[in-house]
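A.B. asks: Next comes the sequence, and after it the predicted model I'd like to discuss.
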Amino acid sequence: MAFYRYLGRPLLFRTDPEWAHQTLLHTLHRLNLHTDHWLKVWVRQQLTYHHLALHQQIWGYHFPNPVGLAAGFDKDGLGIGWWADLGFGFAELGTVTPEPQPGQPRPRLFRLAADQAIINRMGFNNRGVLHLQEQLQRAFVRHKPTIPLGINLGKGQATPLEYAWKDYLYSFRQLKTWGDYFVVNVSSPNTPGLRELQNRSLLIPILENLQQENTDGKPLLLKLSPDLPEETLLELLDLVRAYRLAGVIATNTTTARPPDLRSRHRHESGGLSGRPLAARSTELIHFIYRQTQGQLPIIGVGGIFSAADAWEKITAGACLLQIYTGWVYQGPGVVRQILTGLVEKLTEHGLSSLSQAVGLQHRQSGGELT
Ligand SMILES: Cc1cc2nc3c(=O)[nH]c(=O)nc-3n(C[C@H](O)[C@H](O)[C@H](O)COP(=O)(O)O)c2cc1C
């Protein structure tokens with residue numbers, strides 16, 4: 001961690017953020033090493049952490065730890081063979097759209113270092129479903145991934161909203177054998193109109209068609225925006241129930257700009273992630289946990305930088321977590337640091353497994369789950 005903070009990050013943050021990101025992914029992709037290769041063994045030794053208390057069985061899958069890679073980092077599945085070695089307990093690929101698309105014009109990715117945040121308006125730049133399918137096929141032939149893989153689905157930029165369901169259905173059909181869970185992403189702020197798909201009349205055909213196609217009962221999740229009013233959230237939770245979704249992801253990036261942001265890029269348009277998102281995302285987790293009586297699995301994401309942040313989200317009601325901006329700021333050692341910190345927290349509270357900590361704040365406050 002110190003090496004990254006004092007040397008890695010200062011060097012990295014002098015480079016263009018998108019260049020740095022692409023270089024890392026392409027390096028991982030080219031270093032297509034066998035699991036027993038010394039470099040992989042070394043990386044694994046440095047960055048992974050195993051503890052029985054962190055194991056969970058969710059949707060019939062084994063999660064070796066609760067910290068996953070958030071969507072958007074590996075949109076094209078270039079790093080599939082590495083995420084477990086880098087310490088993650090699961091990884092979510094995508095957002096993927098049916099056809100390849102370039103995304104928004106550059107620059108479209110900004111570091112807000114003084115705020116420990118990122119603003120992005122990437123606009124689902126990705127190589128399309130068939131490319132991702134090929135990456136998955138290759139990875140499975142070489143070595144079946146040892147952690148659950150989620151796939152995040154989006155709509156193509158040019159697809160009219162009323163036909164959006166066709167995009168989700170097509171991508172799901174092509175990828176359903178490869179993913180362990182699938183995410184309906186209707187909450188990214190950078191594809192014009194996408195967030196309108198959070199309206200009942202547009203979301204219903206998406207969920208209906210996906211569940212009809214979903215004969216193997218793969219877990220389908222909905223990724224939520226932090227900018228939704230309570231009323232809309234309640235409507236969405238009704239649909240989650242009606243269409244038997246397996247869980248929700250809270251949250252995507254926000255278009256809100258807290259008044260205390262300091263970085264010069266704070267007025268760039270796009271989605272804000274990192275520290276300034278943490279409280280709002282946790283608030284949403286609390287709300288969903290209460291509304292669903294703790295019965296719906298929640299993946300908590302937004303501004304996780306430390307074990308304390310992770311604990312806050314777990315005890316608010318998230319059984320799994322994801323991280324993006326925190327990984328960029330704290331470096332790859334942060335996953336292990338979070339995991340060791342979580343085990344310490346469990347011990348402090350006299351708990352023997354992570355699942356006992358999920359929603360703990362609600363039970364401790366004696367709060368009625370309404
Ligand atoms: C550069 C960037 C690109 C992202 N792309 C996607 C995406 O394609 N699909 C998606 O669902 N979320 C995307 N996200 C949102 C993250 O998955 C996550 O929900 C959000 O950043 C909050 O987590 P964090 O504070 O740990 O970054 C992106 C985030 C960033 C910073």
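C.D. replies: Received it, and whenever you're ready, just let me know what you need. Numbering: from 1, shown residues only.

A.B. asks: Gln101 is in contact with His131, correct?
C.D. replies: No - at 11.6 Å, His131 and Gln101 do not qualify as touching, with contact defined as C-beta atoms under 8 Å. Using the backbone N, CA and C atoms, a C-beta is placed for each residue, glycine as well.

A.B. asks: Get me the contact residues on the stretch 251-370 of the chain for the ligand.
C.D. replies: Within the stretch 251-370 of the chain, the positions near the ligand by C-beta under 6 Å from any ligand atom are 252-253, 273-274, 277, 301-304, 323-326.

A.B. asks: Farthest pair within these?
C.D. replies: Taking C-beta to C-beta as the measure, those span a maximum distance of 15.5 Å, between Asn252 and Gly326.

A.B. asks: Dig out what the closest residue to the ligand within the stretch 151-300 of the chain forms beta bridges with.
C.D. replies: Distances between the stretch 151-300 of the chain and the ligand by C-beta to the nearest ligand atom are smallest at Ser273, namely 3.2 Å. Beta-bridge pairing for Ser273 (DSSP bridges): Ile118.

A.B. asks: any idea how far it is from Trp82?
C.D. replies: Note on Ser273: its distance to Trp82, by C-beta to C-beta, to the nearest Å, is 22 Å.

A.B. asks: do Pro205 as well
C.D. replies: 37 Å.

A.B. asks: just to revisit the earlier point, in contact with the residue of the stretch 151-300 of the chain closest to the ligand, which residues?
C.D. replies: By C-beta atoms under 8 Å, 6 or more residues apart in numbering, the contact set of Ser273 is 117-120, 253-254, 302-303, 324-325.

A.B. asks: go with 7 Å
C.D. replies: 117-118, 253, 302, 324-325 (C-beta atoms under 7 Å, 6 or more residues apart in numbering).

A.B. asks: tell me what the host helix or strand of Gly326 is packed against?
C.D. replies: Taking DSSP states H and E as the criterion, Gly326 maps to helix 325-330. Applying 3 or more C-beta pairs under 7 Å, 6 or more residues apart in numbering; DSSP states H and E, we find helix 325-330 packed against strand 117-120.

A.B. asks: buried set for the next helix or strand after the strand it packs on?
C.D. replies: Next helix or strand after strand 117-120 toward the C-terminus (DSSP H and E): helix 129-142. By neighbour count on 16 or more other C-beta atoms under 10 Å, the buried set for helix 129-142 is 129, 131-133, 135-136, 139.

A.B. asks: Export those as CSV, with columns for distance to the ligand and pLDDT.
C.D. replies: Shown next, in CSV, are these (distance: C-beta to the nearest ligand atom, whole Å; pLDDT from 0 to 100):
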residue, distance to the ligand, pLDDT
Val129, 14, 98
His131, 15, 98
Leu132, 12, 98
Gln133, 17, 98
Gln135, 16, 96
Leu136, 17, 97
Ala139, 19, 92
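
A.B. asks: what sits against the closest residue to the ligand within the stretch 1-150 of the chain?
C.D. replies: Here the stretch 1-150 of the chain gets closest to the ligand at one residue, Gly72, 2.0 Å apart by C-beta to the nearest ligand atom. The contact partners of Gly72, taken as C-beta under 7 Å, 6+ apart, are 95, 324.

A.B. asks: Determine whether the claim that it is in a helix is correct.
C.D. replies: No - assigned with DSSP: H, G, I helix; E, B strand; the rest coil, Gly72 falls outside any helix and is coil.

A.B. asks: quick one, phi psi at it?
C.D. replies: phi 100, psi -20 (degrees, to the nearest 10).

A.B. asks: Leu296 reaches Gly247, doesn't it?
C.D. replies: Yes - here Leu296 reaches Gly247: they are 5.9 Å apart, a contact under C-beta atoms under 7 Å.

A.B. asks: who has more neighbours, those two?
C.D. replies: Comparing Leu296 with Gly247 by other C-beta atoms under 10 Å, the one with more neighbours is Gly247, at 23 against 19.

A.B. asks: For the residue lying closest to that one once chain neighbours are set aside, give me the pLDDT.
C.D. replies: Counting by C-beta to C-beta, 6 or more residues apart in numbering, Gly247 lies nearest to Pro297, which is 3.7 Å off, once chain neighbours are set aside. Note on Pro297: pLDDT of 98.
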